[in-house]
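Q: The following comprises the amino acid sequence and a computationally predicted model.
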Amino acid sequence: MDIIYIINFFYTELKLLIADVINRVNLLNEIKIKNIFYLLNYEKLQSGHFKEGDFLNFLKNLKKNYYSKQTKFKNDKVILVDLLLTHIDYVLINLLIAKELQKLTGKPVVCLMYKKDYKNKLIANQFGFKNFIYIERQAFYKKMIYFIKSIYICKQFQNEKNYNNFKYNNIEVGKIALESFFRFNKNLNDKNEKFFKILNFYKSLFFLDFFKEICTRNKVDCLVIGESQYLPNRMVFNLCLKNKIKVFARFGTALRGIKIRIYEKYSDRYSHKEKYSKKTKNYFLKVMSQNKNKIEKLYSQQRKDNDIGKEDVWAKEVSKLKKKKIDYSFFNNKKKFVLILPHVMNDGMFLSKWSLYNTPYNWFEETLKIIKNIKSVNWLIKAHPSEIFYKTDLKTKNVFQKFINPQDKHIKFLDNDTQLKVFEKKISCVVACHGSGGYEYPSIGIPCITTADTRYKHFQISRSAKSIKKYIRILKNIKNIKKVSKDEKVRAKIYWFVRFGTNINFDVLPKIKVVGKLPNDYYSKINAKMRNKNNFKGTFYDNFKVQLKNNNRHIINHKILRDLKFKNYNIKNDI
């Protein structure tokens, strides 16, 4: 069996090598023919090597407006900025945050990136950033050593729980590997599952060694990061917190608004970026509860933009689905209806400080097994609206069909194009792991059961089961679930506003959808923005200063609070 794993490893490395060759060939279309030899050394590529066009103009505009000499920033400690994704919008937001952090602290910036991502390097150069920590292709023999080591360690594991719980030098190597395995390799047929678990385990071990040296040299003052899940991001995020390095974790996009949560505690490494502090919760409850008309107005506005079950990022994909006729006869049943809302099962794996089940997939599997024998209510299962984007067979419907038979007449699957608003009045309760349904449905008077730490925990909205035994008991008696109180309903509406209504932004970034492939007109649009000096402002700048000064967990848009005539947000030290 070991030799099969090694053969698969050779094949995986070959695919990576081919992908690298294709990337270099594609670069031929962007650089001047006389600079062809730079294909062999990405590190020496300069902006002047590129053909005239929107990308080159973009680099020139960046340099004109953001460049500063780095010699004046002298400090023993550095700001480490994550450029580990190849998405321009992602890279730009992180660099803009790092640039302002440098201005406010006087510390030099070091960029963390893959050596092959030449565009990220060139963009960083236009800000004046010259120092890089590269993740390079390792010599094959070094990779093989890590891989063989992983084979022998993984042989010790009798089940997935053992794999998940494995720690190396007191770091959760197994859990971090499992997160990436689910995101990129998990499938319902268990095809090559053992190999892919070993592969992700080897990556986890490698990145532990790579980042441990960086984080323990006592040179990094803080980390600016976007994605904090999956390898290698999860490893550097966790290790920074383990070594008491402050992390500025960015969330969101220019289109929907941006948040920044500051992390300082290792115990918060799996805490959701949108989990606001108790102090922040108390502030908003106090200033908003005094005016119920204002709550309703703000709530209505947020529902219009981000309604229940709406996923505007993937709306076009959902609209392509073939419309199916709904069997309304099922809803004529006199029993109560309970809606179960699974997560995207290979994303957002570990975004809770605690959970009754190891993964959202485990939670959904076990919940289906439990409700098969609970026929006192009708159960509705609805997939997450963005699930269609993910290229995997780990879909809600496939898992549903694995455990639920046609004779289970009390359980019904609702297809992705089903509009839940039609059935809201029929639903008596919602069950989720830790998703947004836990505050969305209570806002319209429908209680929600959750089985993990949630981003809205401090707002006391959902009914949280603290043990599997209690969870099963709740499901068996769910027809008798207590109604949502008026206070719970108000708190849910307030959280909805805090989550979406207090975001900040950079005026220079085009407010267009940039998920997946970069839109063809992105560079032309941002170039047009940079031709107007008024666009180099934004709600980020003043509010980031306040967040730093007051040591706040979250950046809050104070301009919006002033416009709403709320009392000053004077919260301090709530990280």
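A: It's in.
Q: so what pLDDT did R553 get?
A: According to the predicted model, the pLDDT of R553 comes to 98.
Q: What count of nearby residues applies to it?
A: By other Cβ atoms under 10 Å, 23 other residues sit near R553. All C-beta atoms are positioned from the backbone trio N, CA, C, and that covers glycine.
Q: got it, and the one 10 residues further on?
A: Under the neighbour criterion other Cβ under 10 Å, D563 is assigned a count of 9.
Q: if I look at it, how far off is T502?
A: Relative to T502, D563 is positioned 12 Å away (criterion: Cβ to Cβ, to the nearest Å).
Q: Report pLDDT for the closest residue to I468 other than its chain neighbours.
A: Leaving out its chain neighbours, the residue that sits closest to I468 by Cβ to Cβ, 6 or more residues apart in numbering is L356, at 5.3 Å. Turning to L356, the model gives it a pLDDT of 97.
Q: Report the residue ranges of every domain in the protein.
A: Structural domains of the chain, as assigned by automatic domain parsing, span the residue ranges 139-210, 306-501.
Q: ok now the shortest one, how far from the chain's centre?
A: Centre-to-centre, domain 139-210 and its host chain are 21 Å apart (Cα atoms, centre = their mean, to the nearest Å).
Q: Equivalent analysis for stretch 237-247, please.
A: Between the mean C-alpha location of stretch 237-247 and the chain-wide mean there is a distance of 18 Å, by Cα atoms, centre = their mean.
Q: Now that stretch: buried residues?
A: Residues of stretch 237-247 classed as buried under the neighbour-count rule (16 or more other Cβ atoms under 10 Å) are 237-243, 245-247.
Q: Check those against Q419 and report the nearest one.
A: Relative to Q419, the closest of the buried residues of stretch 237-247 is F237; by Cβ to Cβ it sits at 37.3 Å.
Q: In terms of secondary structure, what does the helix or strand in which that closest one is found contact?
A: Taking DSSP states H and E as the criterion, F237 maps to helix 233-242. Packed against helix 233-242, as judged by 3 or more Cβ pairs under 8 Å, 6 or more residues apart in numbering; DSSP states H and E, are the following elements: strand 78-82, helix 173-184, helix 193-216, strand 220-225, strand 246-253.
Q: May I see those arranged in CSV, with distance to L28 and mean pLDDT as well?
A: Putting those into CSV (distance: least, Cβ to Cβ, whole Å; pLDDT from 0 to 100) gives the following:
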stretch, distance to L28, mean pLDDT
strand 78-82, 29, 97
helix 173-184, 29, 96
helix 193-216, 30, 95
strand 220-225, 33, 97
strand 246-253, 31, 95
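Q: still on that earlier bit, nearest to Y266 among the domains of the chain would be which one?
A: For the domains of the chain, proximity to Y266 was assessed by Cβ to Cβ; domain 139-210 is nearest, at 10.5 Å.
Q: For D89, find the nearest of the helices and strands packed on helix 233-242.
A: strand 246-253 (6.6 Å).
Q: Report the mean per-residue pLDDT for the helix or strand just after that closest one.
A: Secondary structure here is assigned by DSSP H and E; on that basis, the next helix or strand after strand 246-253 toward the C-terminus is strand 257-263. Per-residue pLDDT values across strand 257-263 average out to 97.
Q: So which elements touch whichever helix or strand comes after strand 257-263?
A: Next helix or strand after strand 257-263 toward the C-terminus (DSSP H and E): helix 278-289. With contacts defined as 3+ Cβ pairs under 8 Å, 6+ apart, the packing partners of helix 278-289 are helix 292-305, helix 486-501.
Q: again, only this time at 6 Å
A: Counting contacts by 3 or more Cβ pairs under 6 Å, 6 or more residues apart in numbering; DSSP states H and E, helix 278-289 is packed against helix 486-501.
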